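Engineer: the following block contains a protein sequence and its predicted model.
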Amino acid sequence: MRTRRHRDKGFFITLEGPEGSGKSTQAVRLTAALKRASYSVVHTREPGGTPLAEAIRRVLLSASSHESVTAETEALLILAARSQHVAHIIMPALQRGQVVICDRFSDSTFAYQGYGRDVNMQWLRTANDVASGGISPDLTLLFDLPVSVGLARRRKARGKQNRLDRESQRFHRKVRRGFLALARQAPRRITVINATRRPEDITSTTLALVFNQLSRYRLVRKRKS
């Protein structure tokens, strides 16, 4: 992986977690808080972020049950979307000195396709290095909670289920274990946050962690009018 001083002047934050962890809500709140603090922020997501990558997202989440999607096909589609996303959104923003907040990134690929689908992890890491241009987040926040709690939240929040929502609890437990294993492997980058608490308490923890990290870097901030 390239080091941050070789690739950008910005700061790259990813939010990760199993289904129903509330990370998307926290990404919105974090973006708003950073903007209030005069940071220049780009809020994006994966799979997605560009028109082509969003089209791939729709294919992945709404694929017909009449044609099963192989684990390798799923991984390759996600990596193709990431290549577009990094080239057109993430890398340019980092080079401009902005804070990039991304709802899912490489760790989701390793957790879902590697641990969850049993795709060869060495192959995944090599392919991801190509798709991501070698960049790695400066900070990753992993919102963790029991699978049963997360899936119950998803059922309550939305009526129609996507393809991942319909996966077995066994699959989602493998994904959660994968995320926690990744956190143990990269403790300096990945911080695990208890996502079973009230959203307001999670937000307080998230903001404290992020602002503490950002205080160590001299990022360009907008002048308040």
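Structural biologist: Good, I have the coordinates.
Engineer: what strand or helix carries Thr14?
Structural biologist: Using DSSP states H and E, the secondary-structure element containing Thr14 is strand 11-16.
Engineer: tell me the helix or strand right after that strand.
Structural biologist: helix 23-36.
Engineer: buried residues in that following helix?
Structural biologist: Using 16 or more other Cβ atoms under 10 Å as the test for burial, helix 23-36 gives 23, 25-27, 29-31, 33-34. Placement of C-beta: from N, CA and C, glycine included.
Engineer: direction included, what does the strand holding Thr14 pair up with?
Structural biologist: Strands that pair with strand 11-16, judged by DSSP bridges, come out as strand 99-103 (parallel), strand 139-144 (parallel).
Engineer: next, the angle from the longest one to helix 23-36.
Structural biologist: Calculated by axes from the mean of the first three to the mean of the last three Cα atoms, to 10 degrees, strand 139-144 forms an angle of 140 degrees with helix 23-36.
Engineer: which residues sit against strand 139-144?
Structural biologist: Residues from elsewhere that reach strand 139-144, judged by Cβ atoms under 8 Å, 6 or more residues apart in numbering: 11-18, 21-23, 26, 105, 107, 176, 179-180, 182-183, 186, 189-195, 202, 206, 209-210, 213.
Engineer: can we see that at 6 Å?
Structural biologist: For strand 139-144, the surrounding residues in contact (Cβ atoms under 6 Å, 6 or more residues apart in numbering) are 13-17, 21-23, 179, 183, 189-193, 195, 213.
Engineer: buried ones from those residues, can you make that a ChimeraX selection?
Structural biologist: To isolate the buried subset of those in ChimeraX, counting by 16+ other Cβ under 10 Å, use the following:
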select :13,14,15,16,17,21,22,23,179,183,190,191,192,193,195
